[in-house]
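Novice: Sequence plus predicted model, see below.
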Amino acid sequence: ELYPERGKDFHVVRNGSDVAIGTDRKPLRQPGPEEGLTFGYLGTVTFTPNRTRDICEGWKLAGERSELIARSQLNFRGHIGARASRGVNAHSRIINAFGRYGVSFGGPVAKGDTAAVYASWDALMLCLVGGRYVTSGKVYDYISTGLPVMSVHEKDHAATELLAEYPLWVQNEGLEPEQLADAFIETAKLVDSASVEDRERARRYAERMRAELREKIPR
């Protein structure tokens, strides 16, 4: 947009799902009607502690309005902090403070265990920073699972271009706790109503976004 005369010099290549982690091959969990659900976030926490607090506040509000959310869990996995503060910082203190509402931090996940972790969850929370021109590798892996995906990012974000046609997507109206509570409740309803066919249709959509090595790179 800034330099249209140089547009011909740019070639944009779409990212894709890393199918080597096996997310597209794991059987999908089917929670029973009386079971609580497990919402999960997997990734390095790069957003601010205020975002973590708003998420947890939104989860608490959702639990006050929904019996299903009240008996459900919100699990953060991945890296929080670095070196001496790894796992012991503002994010972890906020998460621990909401532990009585089912919020927890389960630590990092080895790449080989990624698919199994996703398969143990019922819905994914896609929390991203940035906006219109910010892309994400995480969104491709999230949709490859065939699970409902709840967005926690700006509405004008590059990830929405990919999610717009994903059959099991819940878009957040905003990032305030009230708005996130609405998104949590809507996502829980989607988990409860989605059929096996809906989930397989979601996976088929994600197959179009597979990242595969098309030529050997010489050593």
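Specialist: On my side now, so go ahead.

Novice: Confirm residue 175 sits in a strand?
Specialist: No - counting by DSSP: H, G, I helix; E, B strand; the rest coil, residue 175 falls outside a strand, being coil.

Novice: Next, the residue positioned nearest the centre of the chain: secondary structure please.
Specialist: Residue closest to the mean C-alpha point of the chain, counted by Cα atoms, centre = their mean, is residue 126 at 2.7 Å. At residue 126 the chain is in strand, as set by three-state DSSP.

Novice: in the sheet, who's paired with it?
Specialist: Counting by DSSP bridges, residue 126 forms beta bridges with residue 151.

Novice: Does it touch residue 152 like I think?
Specialist: Yes - contact status for residue 126 versus residue 152: in contact at 6.4 Å, counting by Cβ atoms under 8 Å. Yep, even glycine has a C-beta here, placed from its N, CA and C like the rest.

Novice: ok, so what distance separates the residue nearest to residue 66 when sequence neighbours are not counted from residue 126?
Specialist: Among residues not flanking residue 66 along the chain, residue 185 sits closest, at 4.9 Å (Cβ to Cβ, 6 or more residues apart in numbering). Using Cβ to Cβ, to the nearest Å, we find residue 185 at a distance of 17 Å from residue 126.

Novice: repeat for residue 163
Specialist: Distance from residue 163 to residue 126, by Cβ to Cβ: 8 Å.

Novice: Can you pull the residues that touch both of these two?
Specialist: Residues touching both residue 163 and residue 126 (Cβ atoms under 8 Å, 6 or more residues apart in numbering) are 139, 149, 151.

Novice: what's around the first one, how many residues?
Specialist: To tie it back to what came earlier, the one meant is residue 139. Residue 139: 26 surrounding residues under other Cβ atoms under 10 Å.

Novice: which SS class is it?
Specialist: helix.

Novice: Quick check: closest non-adjacent residue to it.
Specialist: In space, residue 139 is closest to residue 159, 4.6 Å off (Cβ to Cβ, 6+ apart).

Novice: Could you give the number of residues near that neighbour?
Specialist: Using other Cβ under 10 Å, residue 159 has 23 other residues around it.
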